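**Student:** Predicted model follows, preceded by the sequence.
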Amino acid sequence: MLQSARRPDGQEPVADVAATMASLGRRARAAARRLATSSSSARNAALQAGAAAIRASAADILAANALDVADAQARGTKGAFIDRLVLDPGRLEAVAQGVEEIAALADPVGRRLAEWTQPNGLRFERVATPLGVVGVIFESRPNVTADAGALCVKAGNATILRCGSESLRSSGAIAAALRRGLAQAGLPEDAIQLVPTADRAAVGAMLAGLDGAVDVIVPRGGKSLVERVQSEARVPVFAHLEGLCHVFVHAAADLEMAKAIVLNAKLRRTGVCGSAETLLVDRACAATHLAPLVTALLDAGCEVRGDGPTRAVDPRVVAASEEDWRTEYLDAILAVRVVDGLDGAIDHIETYGSHHTDSIVTQDEAAAERFLAEVDSAIVLHNASTQFADGGEFGFGAEIGIATGRMHARGPVGVEQLTSFKYRVHGTGQTRS
């Protein structure tokens, strides 16, 4: 039996993690059955009420977050990690607005995906249905509580949320607000449940499926978390291991456009998975494009780790090692390499990339089309920043994560990706011979 786990916020420990997790699973499954047959208007009302509850509880949520941040800083946590953890009035308002935006999306449940009639007169429909119970395991971003909870409810799913110890207070306060919204709309509060312990054994219980209660797991966090989930999960996983994102500046790139895209892709927010980690510059334009790009990055406060040609343009460039081409920095550091044209760029991305998000900057439409066709990543862009790797930017309202696998969901996982389907077959008395 799993032993008790003390909560990091000083409250009483969870006496029996195994029993607690089993209870969460049973309650989530029961809530999922009710939510799957609920009306779109009821689910939307729950989300609107949840957004209002977040605003009404702003002081409590921010106070809880301040305690989480103080604890993280006392432990010597890095700046990028702290940035992901911090909530302020503006960010919290964005969280509430995000829930409202999800409520305003078209209902993904009940969509008729296909319809046809067989020669024997049987009429077939393929119709979108909820997945069931979605387990979300995440680390420092308390806004994931609202994004994941709202997306799951919109798609008719129950969710069990397991945050990291560093955001337990913040996430708990947000989850409580969303649960009040569910109750106000007459839907089961247990459609959104937050694991009340930071004990790692709770993660193991979720990965084992909670006796069949969990239908899919979505991890959002660092490499070690995702590796554990992918290696131990006994249920399907929507995930990406790393965001090793590239920008390739092709020979036919407009220099000013390339500068703007590269700076934004790297420095807009360095701690997000869509942040560029490697810049590839076509050897055919290196004489005109490499130095201005490198100088712009260095002057903006970005450390550049480069190959020989890159080091030659500025003494501030640090020598890149083999490991740099495989590193997700999540910081103001960028690896830069000169490659031999489109083939060299595609080969580099295939060798070192993580199939997350990659961009080409070029005015050559044929080169762009080839890059978009041959780079096997979940998201490929032409003349745009990799920081658009975000469900909100796709028009999904929000995302529960980005998946780089090839089964079911790929790219931003929004409400449509949180549904499955079933076949409805209509007959007039047909029997099979």
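**Tutor:** Received it, and whenever you're ready, just let me know what you need.
**Student:** now the strands: where do they sit in the stretch 301-433 of the chain?
**Tutor:** Here the stretch 301-433 of the chain has its strands, by DSSP state E, counting those that start in this stretch, at 303-306, 318-319, 333-339, 357-361, 379-382, 402-403, 411-412, 419-426.
**Student:** Pick the most deeply packed of the ones you listed.
**Tutor:** Mean neighbour count, computed with mean count of other Cβ atoms under 10 Å, is highest for strand 357-361 among these, reaching a mean of 30. Backbone N, C-alpha and C define where each C-beta goes, glycine included.
**Student:** Run through the chain and note the low-pLDDT ranges.
**Tutor:** Residues of the chain that meet the criterion pLDDT under 70 lie in 1-15, 241.
**Student:** which secondary structure elements does the helix ranked longest in it contact?
**Tutor:** The residue-count maximum for a helix in the chain (DSSP state H) belongs to helix 17-36. Contact here means 3 or more Cβ pairs under 8 Å, 6 or more residues apart in numbering; DSSP states H and E; on that basis helix 17-36 packs against strand 123-130, strand 133-138, strand 158-162, strand 192-194, helix 200-207.
**Student:** what's the following helix or strand after that helix?
**Tutor:** helix 40-56 (DSSP states H and E).
**Student:** mind saving the C-alpha coords of the next helix-or-strand element following that following helix as CSV?
**Tutor:** Note on helix 40-56: by DSSP H and E, the next helix or strand toward the C-terminus is helix 58-74. The C-alpha coordinates for helix 58-74 follow below in CSV (Å, rounded to 0.1, in the frame of the first residue of the first chain):
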residue,chain,number,x,y,z
ALA,A,58,-8.6,36.6,-8.0
ALA,A,59,-7.3,37.8,-4.6
ASP,A,60,-7.2,34.3,-3.2
ILE,A,61,-5.7,32.8,-6.3
LEU,A,62,-2.9,35.4,-6.5
ALA,A,63,-2.2,35.1,-2.8
ALA,A,64,-1.9,31.3,-3.2
ASN,A,65,0.4,31.9,-6.2
ALA,A,66,2.6,34.3,-4.2
LEU,A,67,3.2,31.5,-1.7
ASP,A,68,4.1,29.1,-4.4
VAL,A,69,6.5,31.5,-6.0
ALA,A,70,8.2,32.3,-2.7
ASP,A,71,8.7,28.7,-2.0
ALA,A,72,10.1,28.1,-5.5
GLN,A,73,12.5,31.0,-5.1
ALA,A,74,13.6,29.8,-1.7
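**Student:** Run the chain-centre distance for helix 58-74.
**Tutor:** 23 Å (Cα atoms, centre = their mean, to the nearest Å).
**Student:** Run the chain-centre distance for the next helix or strand after it.
**Tutor:** Downstream of helix 58-74, the first helix or strand assigned by DSSP H and E is helix 79-85. When distances are taken as Cα atoms, centre = their mean, helix 79-85 is centred 16 Å away from the chain's centroid.
**Student:** Show me what helix 79-85 is packed up against.
**Tutor:** Secondary elements touching helix 79-85 (3+ Cβ pairs under 8 Å, 6+ apart): helix 58-74.
**Student:** For the helix it packs on, list every residue counted as buried.
**Tutor:** For helix 58-74, the buried set under the neighbour-count rule, 16 or more other Cβ atoms under 10 Å, comprises Ala58, Ile61, Leu62, Ala64, Asn65, Asp68, Val69, Asp71, Ala72.
**Student:** Quick check: closest non-adjacent residue to the second one.
**Tutor:** Meaning Ile61. Counting by Cβ to Cβ, 6 or more residues apart in numbering, Ile61 lies nearest to Ala173, which is 4.4 Å off, once chain neighbours are set aside.
**Student:** what about the one you found, how many residues close to it?
**Tutor:** Ala173 has 23 neighbouring residues, counting by other Cβ atoms under 10 Å.
**Student:** which ones are touching it?
**Tutor:** Ser57, Asp60, Ile61, Ala64, Asn65 (Cβ atoms under 8 Å, 6 or more residues apart in numbering).
**Student:** which of these lies closest to Val195?
**Tutor:** Using Cβ to Cβ, Ala64 comes nearest to Val195 of the contacts of Ala173, at 16.3 Å.
**Student:** how close does that closest one sit to Ala175?
**Tutor:** In this view, Ala64 and Ala175 are 11 Å apart by Cβ to Cβ, to the nearest Å.
**Student:** Show residues contacting stretch 110-117.
**Tutor:** So stretch 110-117 is contacted by Arg123, Phe124, Glu125, Arg126, Val127, Ala128, Thr129, Glu416, Thr419, Phe421 (Cβ under 8 Å, 6+ apart).
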